[in-house]
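In: the sequence isn't on hand, but the structure is:
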């Protein structure tokens, strides 16, 4: 590719103590594009200073440049990006639809930025559908679901009682709902590990810890904090069931990480979790988001029904063989970027376009 790609990402993208699905996706996409020959220049932007840092970074990119920008930054400072769409090829990478996790209205500048973008990468069909509801042209959407690496089958414990939830401690991830549901099942045998950073919402994390202590379950529900690769692998290896209690989930990379190890998943019916689960989805192991009673009912079925557990493990094994790969995700994004970065196609910003790159897409349906 003749031109470099500037990839604007959160400045904690490589911080092992602040893991997130979005950060993991950005890293794998960056590394995969570089391996495929795309000259990617990573630019880290601090969320609390997004506007100022984006303005400075964008001013340094010459006319005709191509910019892939993480959706968190686009959502935080669209007013800085929007004026540059006339001179740069701006491609937002949207993990979560704008306003979804906070339940807020989409800012008009975000809508305008998405409408002006040459292409918009989405990480789930559901996210694409939500953006279409916000007025984004379906032809501009590029679907690139997160991949997953095949991993050894998890040994688990007794096949039932070791529960695991992985994710930042935030309201969107629903660990408070899970703790409430487990308090309703105190008479049953189980233990639960909640693994993930507390720093993204310290207030919520503190309230969660106090609620667990007040319920008398502190000895059975462990808040482990973030874990490095080796420790997290060991944690997955001990899990009998992975619980994804999210209030909203654009895709559910934790679900696919579990299924890559043959671990059944109990999840909420929200966002793109159905895409992640695929043929591993079981109605008995799905619950409405934000409903601790419904989640407790699903957990009770899991703990009390050996036949259900056996079927869930069979389905997890089947899904393990069909999970998407990072190679596919990188190829989907790379194909679009190649059209923007190679000047001989005549599609650089400001040039006449005989073959609009928006026409060749894996369109979310």
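Out: Yes, it's here. A quick note: this is a predicted structure, and the numbers were derived from the prediction, not measured.
In: low-confidence ranges in the stretch 201-350 of the chain?
Out: Within the stretch 201-350 of the chain, the ranges that satisfy pLDDT under 70 run 343-350.
In: show me the helices in it, by range?
Out: Using DSSP state H, counting those that start in this stretch, the helices of the stretch 201-350 of the chain run over residues 202-214, 229-237, 253-259, 273-277, 292-304, 306-320, 326-341.
In: I'd like to know which elements the second one is packed against.
Out: Meaning helix 229-237. Contacts defined by 3 or more Cβ pairs under 8 Å, 6 or more residues apart in numbering; DSSP states H and E place helix 229-237 against strand 162-166, strand 191-195. Every residue, glycine included, has its C-beta placed from N, CA and C.
In: repeat that for 6 Å
Out: Helices and strands touching helix 229-237, as assessed by 3 or more Cβ pairs under 6 Å, 6 or more residues apart in numbering; DSSP states H and E, are absent.
In: touching that helix from outside, list them.
Out: With Cβ atoms under 6 Å, 6 or more residues apart in numbering as the test, helix 229-237 has contacts from 154, 155, 195, 261.
In: and it, which residues are buried?
Out: 232, 235, 236, 237 (16 or more other Cβ atoms under 10 Å).
In: quick one, which of the contacts of helix 229-237 are buried?
Out: Buried, going by 16+ other Cβ under 10 Å: 154, 195, 261, out of these.
In: so the first one sits in a strand?
Out: No: counting by DSSP: H, G, I helix; E, B strand; the rest coil, residue 154 falls outside a strand, being coil.
In: start at 696 instead
Out: From this message on, residue numbering opens at 696, which makes the last subject residue 849.
In: from residue 923, how far off is it?
Out: Going from residue 849 to residue 923 by Cβ to Cβ, to the nearest Å gives 18 Å.
In: of the contacts of helix 924-932, closest to residue 709?
Out: residue 890 (19.4 Å; Cβ to Cβ).
In: which SS class is the closest residue to residue 906 other than its chain neighbours?
Out: Nearest residue to residue 906, sequence neighbours excluded (Cβ to Cβ, 6 or more residues apart in numbering): residue 874, at 5.9 Å. Under the three-state scheme (three-state DSSP), residue 874 adopts helix.
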